[in-house]
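*Asks:* Provide a 3D model corresponding to the input given below.
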Amino acid sequence: MMCSRSISLKFRENILTAVTKGVSTKTRYQRTLIKEVSYTGIGIHTGQCVHMRFLPAESGTGIAFRRTDLPDFPTIPATVRYVCDTARCTTIGIGDVHIHTIEHVMAALKAYKIDNLIVEVSNLEPPVANGGSDAFVKMIEEAGIKELEETIPIFSIPHPVYWSDGDIHLVALPYDGFKISYTLDYPNSPALKSQYRSITITPETFKNELSLCRTFSLYEEVSALMDMGLIRGGSLDNAVIIKGDVIFSKEGLHFQDEMVRHKILDMVGDLSLIGYDIDAHIIAVKAGHGSNFELAKKILQALKMEKPL
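*Replies:* Numbering: from 1, shown residues only. Reported below is the predicted structural model:
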């Protein structure tokens with residue numbers, strides 16, 4: 001995928017124009033943070049120290065990531081348009097400037113309905129923190145949330161939207177709210193096998209049932225990534241490793257089905273790149289970043305095709 005080469009921080013209006021044919025029956029006030037807040041940690045792939053700041057932003061700004069380690073502080077909107085890679089994580093970019101592994105930050109912002117924010121990072125990825133989103137939830141709660149005067153539409157899925165490839169399946173169904181039902185299936189892993197979880201996403205459910213859930217990987221996959229020079233910052237401080245029928249975790253699992261919960265966390269972050277609240281029930285089987293991205297594009301396409309009320 002090629003990265004976009006142009007940018008306007010006032011990109012939300014462009015998205016709204018593109019989906020004005022979609023069905024919007026509800027609105028809410030836009031939200032940002034009351035004050036700036038920061039966090040410092042290591043990046044999971046680089047293993048380098050990263051300083052991250054959340055900066056409140058005005059209505060219409062949307063969520064955008066800013067690289068403070070590069071000349072002119074290039075800024076990239078966190079929307080589907082700027083996604084340029086979905087292998088192992090979700091990456092956004094403009095030209096040769098990229099920001100990797102944004103999904104855990106985006107998941108927390110989406111769950112708390114933060115619409116306008118500049119996320120500054122001093123490297124090419126946010127800190128991995130615990131491998132989930134709880135550090136970013138704490139940042140949001142520390143900063144506080146402020147409603148702005150302008151409203152934002154909440155779009156309803158007009159009809160079922162689906163995407164499949166082999167044994168990977170996703171469907172978005174009309175629904176009053178935002179719910180994700182996910183089936184994880186690793187038939188060759190005695191420790192994982194199949195897991196299922198269905199959660200309606202709210203700030204409370206995200207904080208209590210998802211945010212602590214860490215990224216996970218099979219030992220064989222970790223070994224291959226290490227050979228590629230990746231996950232230099234990965235450890236049992238921020239990941240769960242599965243080998244055969246054994247699960248390696250520094251503090252034990254936060255939930256018996258922590259792995260499927262993390263997949264839901266990832267999906268919240270990936271689908272946030274649609275740029276708006278979407279009322280839908282997402283049903284997913286064996287989905288990952290790439291398929292989440294494909295469903296997000298399908299949803300945007302469905303909204304463009306529907307006539308306004």
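
*Asks:* Relative to Lys35, how far out is Val268?
*Replies:* In this view, Val268 and Lys35 are 24 Å apart by Cβ to Cβ, to the nearest Å. Where you see a C-beta, it was placed from the backbone N, CA and C, and this is true even at glycine.

*Asks:* ok, the two, which is more surrounded?
*Replies:* Val268 (25 against 11; other Cβ atoms under 10 Å).

*Asks:* Mind telling me what element Ile242 is part of?
*Replies:* strand 239-243 (DSSP states H and E).

*Asks:* Please state the offset of that strand from the chain centre?
*Replies:* Here strand 239-243 is found 21 Å from its chain centre; the criterion is Cα atoms, centre = their mean, to the nearest Å.

*Asks:* contact partners of the helix or strand following that strand?
*Replies:* Moving toward the C-terminus from strand 239-243, the next helix or strand (DSSP H and E) is strand 246-248. Residues from elsewhere that reach strand 246-248 (Cβ atoms under 8 Å, 6 or more residues apart in numbering): Ala191, Leu236, Val240, Ile241, Ile242, Leu253.

*Asks:* Just checking: what are the partner strands of strand 246-248?
*Replies:* strand 239-243 (antiparallel) (DSSP bridges).

*Asks:* In the strand it pairs with, which residues are buried?
*Replies:* Ala239, Val240, Ile241, Ile242 (16 or more other Cβ atoms under 10 Å).

*Asks:* outside of it, which residues touch it?
*Replies:* Everything outside strand 239-243 that qualifies as a contact, by Cβ under 8 Å, 6+ apart, is 44, 131, 189, 191-192, 214-220, 222, 247-249, 253, 258-259.

*Asks:* Just want the most central residue of this structure.
*Replies:* Residue closest to the average C-alpha location in the chain (Cα atoms, centre = their mean): Gly269, at 1.5 Å.

*Asks:* now that residue, what's its secondary structure?
*Replies:* In terms of secondary structure, Gly269 is helix; the call rests on DSSP: H, G, I helix; E, B strand; the rest coil.

*Asks:* Appreciated, that's everything.
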